[in-house]
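**Student:** sequence unknown, structure follows:
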């Protein structure tokens with residue numbers, strides 16, 4: 001009788017775990033789809049972060065056709081630079097300089 005109870009308990013636990021994993025996967029998939037920028041709008045894109053101290057960093061973002069350089073500290077975020085993104089070059093991608 002103890003064996004049957006153990007098997008039933010293990011089966012119920014396995015089914016519950018599978019259900020939780022399926023819900024987690026579905027939630028992450030949905031969140032990813034909702035947060036993805038629209039195809040016509042590039043949205044906000046993280047490019048790079050460079051640490052400049054123990055809790056300070058310089059962050060580069062692309063947002064709506066512009067490149068934003070931000071200084072990020074524990075207490076504030078400051079805009080250091082904002083400029084239009086360079087136009088896409090030809091397929092060769094050679095640097096003219």
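**Tutor:** Cool, got the structure. Nothing here was measured: the structure is a model prediction, and the numbers come from that model. Numbers count the residues shown, from 1 in each chain.

**Student:** hey, what's the spatially most central residue of the chain bridged with?
**Tutor:** In the chain, the residue lying closest to the centroid (Cα atoms, centre = their mean) is residue 46, at 8.1 Å. Residue 46 has these beta-bridge partners by DSSP bridges: residue 61.

**Student:** Same check on residue 69?
**Tutor:** Here residue 69, judged by DSSP bridges, has bridge partners residue 60, residue 81.

**Student:** low pLDDT regions in the protein?
**Tutor:** Across the chain, the ranges flagged by pLDDT under 70 are 1-3, 36-42, 87-97.

**Student:** Which residue ranges of it form helices?
**Tutor:** Along the chain, counting by DSSP state H, helices occupy 2-35.

**Student:** Would you map out the domains in the chain?
**Tutor:** 1-36, 40-86 (automatic domain parsing).

**Student:** just these: most buried one?
**Tutor:** Using mean count of other Cβ atoms under 10 Å, the stretch among those with the largest mean neighbour count is domain 40-86, at a mean of 11. No exception for glycine: its C-beta is placed from N, CA and C like everyone else's.

**Student:** Isn't residue 44 up against residue 59?
**Tutor:** No. Here residue 44 does not reach residue 59: they are 11.5 Å apart, not a contact under Cβ atoms under 8 Å.
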